[in-house]
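Undergrad: The amino acid sequence is not available; the structure is as follows:
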């Protein structure tokens, strides 16, 4: 369908443990930085370039976004940091996605577990590819990405209406 858009849901890269109560401020490990760079390299290699990025305002998601954008270079969109994604449930994350302007053809959303997995399962339509759905259902490791095709306006996306075409894990 010509009006189809793509939604990319990414779990942040590996972060260190919180030894205090500041979960929001947790930073990426060295491995996490490598994971995020690898996501950016794959997006570039496969020409799956986002027009817009919405990112949780937690430190680990922001750092994931920075490393991805470093790899995308001039092709990286300016990310929008949204504090509503930190600690949000899947329906709340979806409401943020619903606000996306219709000019955006490919949206990258960087968030947290369990929300990214829950939302991915809620969005996956019966027309989704079986293997990616099974993998997404069983686990959503750090720096994993669910790639959906959406054949309706962003504002109308509400569940079981996005076709999961790939899951990078």
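TA: Yep, it's here. Just so you know, these numbers come straight off a predicted model, no measurement behind them.

Undergrad: Following element in sequence after the longest helix seen in the chain, please.
TA: Taking DSSP state H as the criterion, the chain has its longest helix at helix 30-45. Sequence-wise, the next helix or strand downstream of helix 30-45 (DSSP states H and E) is strand 52-56.

Undergrad: Which other helices and strands does the helix or strand following that following strand contact?
TA: Per DSSP H and E, the first helix or strand lying C-terminal to strand 52-56 is helix 59-72. With contacts taken as 3 or more Cβ pairs under 8 Å, 6 or more residues apart in numbering; DSSP states H and E, helix 59-72 sits against helix 30-45, strand 52-56, strand 79-82, strand 106-111. Backbone N, C-alpha and C define where each C-beta goes, glycine included.

Undergrad: What is the shortest one packed up against?
TA: So the one you mean is strand 79-82. strand 52-56, helix 59-72.

Undergrad: Just the mean pLDDT for that strand, thanks.
TA: Averaged across strand 79-82, pLDDT comes to 97.

Undergrad: Of all the helices and strands packed on strand 79-82, which one is nearest residue 39?
TA: helix 59-72 (5.4 Å; Cβ to Cβ).

Undergrad: Could you single out the most deeply buried of the helices and strands packed on strand 79-82?
TA: Most buried of these by mean neighbour count (mean count of other Cβ atoms under 10 Å) is strand 52-56; its value is a mean of 23.

Undergrad: could you say what helices and strands it packs with?
TA: Counting by 3+ Cβ pairs under 8 Å, 6+ apart, strand 52-56 packs on helix 59-72, strand 79-82, strand 106-111.

Undergrad: Partner strands of the second one, with direction?
TA: By that I understand strand 79-82. Using DSSP bridges, the strands paired with strand 79-82 are strand 52-56 (parallel).

Undergrad: contact partners of the partner strand?
TA: 12, 61-62, 64-65, 69, 76-83, 85-86, 96-97, 100-101, 104, 106-112 (Cβ atoms under 8 Å, 6 or more residues apart in numbering).

Undergrad: Need the residues that contact stretch 75-85.
TA: Counting by Cβ under 8 Å, 6+ apart, 44, 49-57, 61-62, 65, 68-70, 92-93, 96, 108-112, 115 sit against stretch 75-85.

Undergrad: How far off centre is it?
TA: 11 Å (Cα atoms, centre = their mean, to the nearest Å).
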